[in-house]
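[1] predicted coordinates and the sequence they were generated for:
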Amino acid sequence: MSDDLSNPQAGDLDTDADAPSGGLGTFERFLSLWVALAIVAGVALGQFAPVVPETLSRFEYAQVSIPVAILIWAMIFPMMVQIDFGAIVGVGREPKGLLVTTGINWLVKPFTMFAISYVFLMVIFAPLIPEELGRQYLAGAILLGAAPCTAMVFVWSYLTRGDAGYTLVQVAVNNLIMLFAFAPIVVLLLGVSDINVPWDTVLLSVVLYIVIPLVAGWLTRTALIRRRGIEWFDGVFMRRIAPVTPAGLIVTLVLLFAFQGEVILNNPLHILLIAVPLTIQTVFVFWLAYRTMQALKIRHAIAAPGAMIGASNFFELAVAAAIALFGLQSPAALATVVGVLVEVPLMLALVWYANRTRQRFPAVSGNAPGTDASGVGPT
């Protein structure tokens, strides 16, 4: 999932000056369009200027593309730097919402993504997709399923009038779990799919694209806040680095599609076929988390953002892992990018549904302190 870069506690989630107050910035609103344009630009680059991707592909170390690694760090670092792990101490206020979100993210979502994608890509669509290609697409779907959203959920939280402070706790906990759970889940599900990936390759991907950006983000955040203050960090630094992730994402996608051009031109139908299980998975995981929280009488300001975290994906990490594990030209990497293409329209539809069903939730979660009569709680 693309991820908004401004601090959620500041209450301003726009990534540019033209963004509507409290809503998506221009980049987020038209993310699917930018991805579609990146497809066109990348395919054209690969067809008419093949020397560019060929030259960049030579810069590798231990099978890791240096240019792509730099671009991916540019995408991920601004998300990691905004995470306040100190917020985790506030989890005792209303633990049920966090337990539901965490349980579904790590005990349900990866496995339903595998099951749904396997049924469609390896069984239902078997006459349309060669078996080995289907396994590669399945690998991309597995990587998406093992990487719940980390920061774009702040946008969905705002659009559903969510509790921004609680959302911050959910994201911080999610990032900590990802450090330890991502690699084992990926290796397990890829193994079940008869896709053999060495542990050291997966661990290298985790270190490169989770551990390093997370530690660098925490150190940067701590040092800057200590030196300049939280107001400067939120109002100046975060706004200055806000364009870095969109720029890194688009350039990465252009390069990816430059390598994927022949696959796309030869199999345009596959884009739609991959999108089918990803769409079903997104809706199912949202429904499961949302209804579970409704049954547990958790207030809407926690339930809606919590359901959004599992429904959407940290697709930057999934793209990075697919490239590291299978290569820039792999069908697995292409499958992760399809997740980018379909995610924002789907999530906006789920935001609309969540807002329409707000009245089905209680104003206050049980005896939870710190909420007001509206149930929105402190933000």
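    Perfect, I can see it now.

[2] quick one: the helices in the stretch 101-250 of the chain, in order.
    Along the stretch 101-250 of the chain, the segments classed as helices by DSSP state H, counting those that start in this stretch run 109-118, 131-145, 153-159, 164-192, 199-206, 212-228, 230-232, 238-241, 244-266.

[3] minimum distance to F77: which of the ones you listed has it?
    Across the helices of the stretch 101-250 of the chain, F77 has its closest neighbour in helix 212-228 (4.9 Å, Cβ to Cβ). (C-beta placed from N, C-alpha, C; glycine too.)

[4] quick revisit: TSV please, covering the helices of the stretch 101-250 of the chain and showing mean pLDDT, distance to A333 and mean neighbour count.
    Below are the helices of the stretch 101-250 of the chain laid out as TSV (pLDDT from 0 to 100; distance: least, Cβ to Cβ, whole Å; neighbours: other Cβ atoms under 10 Å):
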stretch	mean pLDDT	distance to A333	mean neighbour count
helix 109-118	96	15	22
helix 131-145	93	7	24
helix 153-159	75	24	27
helix 164-192	83	14	20
helix 199-206	70	12	16
helix 212-228	91	19	15
helix 230-232	92	38	13
helix 238-241	88	26	17
helix 244-266	76	6	20
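
[5] among the ones you listed, which is nearest F326?
    So among those, helix 131-145 is nearest, using Cβ to Cβ, at 6.6 Å.

[6] which elements pack onto the closest one?
    helix 109-118, helix 164-192, helix 268-295, helix 315-326, helix 331-356 (3 or more Cβ pairs under 8 Å, 6 or more residues apart in numbering; DSSP states H and E).

[7] can you put the helices of the stretch 101-250 of the chain in TSV and add distance to L273?
    Below are the helices of the stretch 101-250 of the chain laid out as TSV (distance: least, Cβ to Cβ, whole Å):
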stretch	distance to L273
helix 109-118	11
helix 131-145	8
helix 153-159	27
helix 164-192	20
helix 199-206	26
helix 212-228	32
helix 230-232	47
helix 238-241	37
helix 244-266	13
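
[8] which of those helices sits closest to I66?
    Using Cβ to Cβ, these put helix 244-266 closest to I66, at 12.2 Å.

[9] give me the angle between the closest one and helix 331-356.
    Here the directions of helix 244-266 and helix 331-356 differ by 120 degrees (axes from the mean of the first three to the mean of the last three Cα atoms, to 10 degrees).

[10] elements contacting helix 244-266?
    Secondary-structure packing of helix 244-266 (3+ Cβ pairs under 8 Å, 6+ apart): helix 31-48, helix 51-56, helix 66-80, helix 315-326, helix 331-356.

[11] try 6 Å this time
    Packed against helix 244-266, as judged by 3 or more Cβ pairs under 6 Å, 6 or more residues apart in numbering; DSSP states H and E, are the following elements: helix 31-48, helix 66-80.

[12] pick out the shakiest of the ones you listed, pLDDT-wise.
    With a mean of 78, helix 66-80 has the lowest mean pLDDT of these.

[13] centroid residue for the protein?
    F314 (1.7 Å; Cα atoms, centre = their mean).

[14] circling back to that earlier point, got the helices and strands packed on helix 131-145 as a markdown table, with distance to W232 columns?
    Conversion of the helices and strands packed on helix 131-145 to a markdown table gives the following (distance: least, Cβ to Cβ, whole Å):
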| stretch | distance to W232 |
| --- | --- |
| helix 109-118 | 37 |
| helix 164-192 | 19 |
| helix 268-295 | 36 |
| helix 315-326 | 26 |
| helix 331-356 | 31 |
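
[15] rewinding a little: out of the helices of the stretch 101-250 of the chain, which gets nearest to Y353?
    Across the helices of the stretch 101-250 of the chain, closest to Y353 is helix 153-159 (Cβ to Cβ), at 11.7 Å.

[16] may I have the closest one as PDB, with CA atoms only?
    The C-alpha coordinates for helix 153-159 follow below in PDB (Å, rounded to 0.1, in the frame of the first residue of the first chain):
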ATOM      1  CA  VAL A 153      -3.800   3.400   7.300                       C
ATOM      2  CA  PHE A 154      -3.300   6.900   8.800                       C
ATOM      3  CA  VAL A 155      -5.200   8.300   5.800                       C
ATOM      4  CA  TRP A 156      -7.900   5.700   6.100                       C
ATOM      5  CA  SER A 157      -8.100   6.400   9.900                       C
ATOM      6  CA  TYR A 158      -8.600  10.100   9.200                       C
ATOM      7  CA  LEU A 159     -11.200   9.500   6.500                       C
END
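
[17] I'd like the numbering to begin with 43 instead of 1 from here.
    Yes, from this point I'll number from 43; that puts the last item at helix 195-201.

[18] which other helices and strands does that helix contact?
    Using 3+ Cβ pairs under 6 Å, 6+ apart: helix 195-201 touches helix 342-353.

[19] now do the helix it packs on against helix 310-337: the angle between them, please.
    Taking the same axes, to 10 degrees, one finds helix 342-353 and helix 310-337 inclined to each other by 150 degrees.

[20] which residues does helix 342-353 contact?
    Contact with helix 342-353 is made by 139, 143, 146-147, 151, 190-191, 195, 198-199, 202, 204-205, 208-209, 212, 324, 327-328, 331-332, 335, 396, 400, 403, 417-419, as judged by Cβ atoms under 6 Å, 6 or more residues apart in numbering.

[21] repeat that with 7 Å
    Helix 342-353 is touched from outside by 136, 139, 142-143, 146-147, 151, 190-191, 195, 198-199, 202-205, 208-209, 212, 216, 324, 327-328, 331-332, 335-336, 389, 392, 396, 400, 403, 407, 417-419, with contacts defined as Cβ atoms under 7 Å, 6 or more residues apart in numbering.
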